[in-house]
Structure formats: C-alpha cells, structure tokens
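Q: Structure of the sequence below:
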Amino acid sequence: MTGHRVISRQEWLDARLALLAKEKALTHQYDALVRERQQLPWQRVEKDYVFETPDGRQTLADLFGDKSQLLVYHFMFSPEAEQGCPSCSMTTDSLDGNAVHLTGRDVSLVLVSRAPMKKIAPFKKRMGWSLPWVSSNGSDFNYDFRVSFTEEEVDGNNYNFGTSRPYGQDMQGLSAFFKDEDGTVYHTWSTYGRGPESLMAVYALLDMAPKGRDEDALPWPMAWVKHHDGYETAKPAHACCAH
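A: Here you go, the predicted structure:
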C-alpha cells in the first residue's frame, strides 16, 4: 500500500475541487506578478559587450537579430569544463523547442556561456540543439550580470542579488533585454537560483506525477539529472554519439 487514503469518487471530486480553487488563486497571483514584472524600470546597457559566435564577433545588440526583445539564458559552461552543465542542459532541452515560437512574438532566445566556441559547438551538436549559443569569453558580460564570479566572490553572498552564495564560479540564470528603434539596449529583468525553474518542463511534469520530484533522499535536489544521452534508455541523436 502507498499510505495514501483511498476514498469514493464523490469524496475525491470534492477534494479535487477544493484544490482547484487554490490552483486558480495561484494562477491569478502569478498573472498579477507578471504584470508587476513588466512595470519594472529599465536599465540602459552602457557597455559594448562583444561575443564570439559561429558568424564571427557580434555585439549584444546584434544578438537581437530583427527582434526588439532578447532573452539570454546564462548556461553554466566554464572555459575549463569539457561539457555543459547537465541541469542547464535539461533546461535547454525545453528551450530549444520553444525558440521558434518565441520568434513569432518578437523575441530572440540565445544561450550565453564563458566557454569558447570551440567547446560550445561540438557539445551543441552532440545535444542536437538548434537555438543560438554564443561565447562571452573575454568580456565582462557574465560577471556584470552576476552569473560568473572570481574565486574570492564564491566565498560570499554574491549570487541572486546578494541573497545566496554561488556554489561555483559559474551559475545559471535568465536575463531579459529590449532594443528600441535607435539601437539602444536596455536590461529589463534577470532571475537566478530557482527563478528560471519554470523553464524546465520536466519539473512541471514531475510536479503532476504521483510521487512528485521525489528528491528528498538525494545528496542535492538535481543529483539525478543527466545529459539526455546519458540515461540508460537514451538513444544517441547523432551517429557521432554512438560508441
């Protein structure tokens, strides 16, 4: 037995309707939070950030393409690492399929990491992703947007707007930007820590499963996460991944 109560159909329906009322209230609260987010004041981006891309060096303004809005997912992939972060990879599995839909709403989506393109390109190919991914290596971008830290900064509350310590020199997050008609770029919003969690469709699905995330006994919550080609049931997406 699971330990859960087993009740009649009518009792279950009554309990479900009570929970539905709370779910609707949470949805309305979220809608109000989104409206408040969109009313935040903006910060003009003064630095001329330059990125290494498959098409050569590009500025932050260039990453918008022909869109006026840009979402940057700060993907954890340091210059020293041999592959991208498994948790960020799980997030990108969801983002990759949504990028084309975002373009239909005047939004570009780009991954940014400190790793050089010579490391990013083969890992992106291995994962089978198509969304743009560029390198901020050599610029202050990651440090200014507080997703990369010096060795000294790792020891302090320097992550998530000074509310927590980074557990490494590279962390994850999401930043939003707007570009007006004269090309001026504004930073409108950023989120870190569990803020970008909603990007991971896997967690949304697990939250609907009977056992939920079931992570309490793990060394840390995401200890179970692997690259999508690392699970026993996974099949290589490309011939280059076969062994």
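Q: From now on I want contacts and neighbour counts done on CA atoms only, so please keep to that.
A: Noted.
Q: Mind listing residues that contact stretch 117-125?
A: Stretch 117-125 is contacted by residues 52-54, 82-84, 130, 133-135 when judged by Cα atoms under 8 Å, 6 or more residues apart in numbering.
Q: Let me have those in TSV, adding neighbour count, distance to residue 46 and pLDDT as columns.
A: Listed next are these as TSV, based on neighbours: other Cα atoms under 10 Å; distance: Cα to Cα, whole Å; pLDDT from 0 to 100:
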residue	neighbour count	distance to residue 46	pLDDT
52	21	19	98
53	20	21	98
54	15	25	96
82	12	33	96
83	18	32	97
84	20	29	97
130	12	30	97
133	22	23	98
134	24	20	98
135	26	20	98
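Q: Settle this for me: residue 90 is touching residue 229, isn't it.
A: No - Residue 90 is beyond contact range of residue 229, at 10.8 Å (criterion: Cα atoms under 8 Å).
Q: Show me which of the two is the more surrounded one.
A: residue 90 (18 against 15; other Cα atoms under 10 Å).
Q: Please point out which parts of the helix or strand hosting that one sit buried.
A: Secondary structure from DSSP states H and E places residue 90 in helix 86-103. Neighbour counts using 16 or more other Cα atoms under 10 Å place 86-93, 95-96, 99, 102 of helix 86-103 among the buried residues.
Q: And residue 66, how close does it get to residue 42?
A: Per Cα to Cα, to the nearest Å, residue 66 is found 21 Å from residue 42.
Q: For the biggest helix by length in the chain, what is the distance to the chain centroid?
A: Counting residues, the longest helix found in the chain (DSSP state H) is helix 9-38. Its chain's C-alpha centre and that of helix 9-38 lie 25 Å apart, by Cα atoms, centre = their mean, to the nearest Å.
Q: again with stretch 56-72
A: The answer for stretch 56-72 is 18 Å, by Cα atoms, centre = their mean.
Q: so how far does it reach from one end to the other?
A: 18 Å.
Q: If you count neighbours, what's buried in it?
A: For stretch 56-72, by 16+ other Cα under 10 Å, it's 60-61, 63-64, 67-72.
Q: quick one: contacts for residue 133?
A: Contacts of residue 133 by Cα under 8 Å, 6+ apart are 53, 110-113, 120.
Q: Extract the C-alpha trace of the helix or strand of the chain with the lowest mean pLDDT and format it as CSV.
A: Ranked by mean pLDDT, DSSP states H and E, the weakest helix or strand in the chain is helix 201-206, scoring a mean of 94. Output of helix 201-206 as CSV, limited to C-alpha atoms (Å, rounded to 0.1, in the frame of the first residue of the first chain):
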residue,chain,number,x,y,z
ALA,A,201,9.2,21.3,-18.4
VAL,A,202,10.4,18.2,-16.7
TYR,A,203,9.8,19.6,-13.3
ALA,A,204,6.4,20.8,-14.3
LEU,A,205,5.5,17.3,-15.3
LEU,A,206,7.1,15.7,-12.2
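Q: any idea how far the residue located most distally from the centre of the chain lies from residue 190?
A: The outermost residue of the chain relative to its centre, with distances by Cα atoms, centre = their mean, is residue 8 at 41.5 Å. Distance, residue 8 to residue 190, using Cα to Cα: 47 Å.
Q: Same question for residue 95.
A: 17 Å.
Q: swap in residue 205?
A: In terms of Cα to Cα, residue 205 sits 25 Å off from residue 190.
Q: which of the two has more neighbours?
A: residue 190 (19 against 11).
Q: So the more buried one is in contact with residue 172, correct?
A: No - using Cα under 8 Å, residue 190 is not in contact with residue 172; the gap is 10.8 Å.
Q: Measure how far the helix or strand that contains residue 134 is from the centre of its chain, please.
A: Element membership of residue 134 [criterion: DSSP H and E] is strand 133-135. On the basis of Cα atoms, centre = their mean, strand 133-135 sits 14 Å off its chain's mean C-alpha point.
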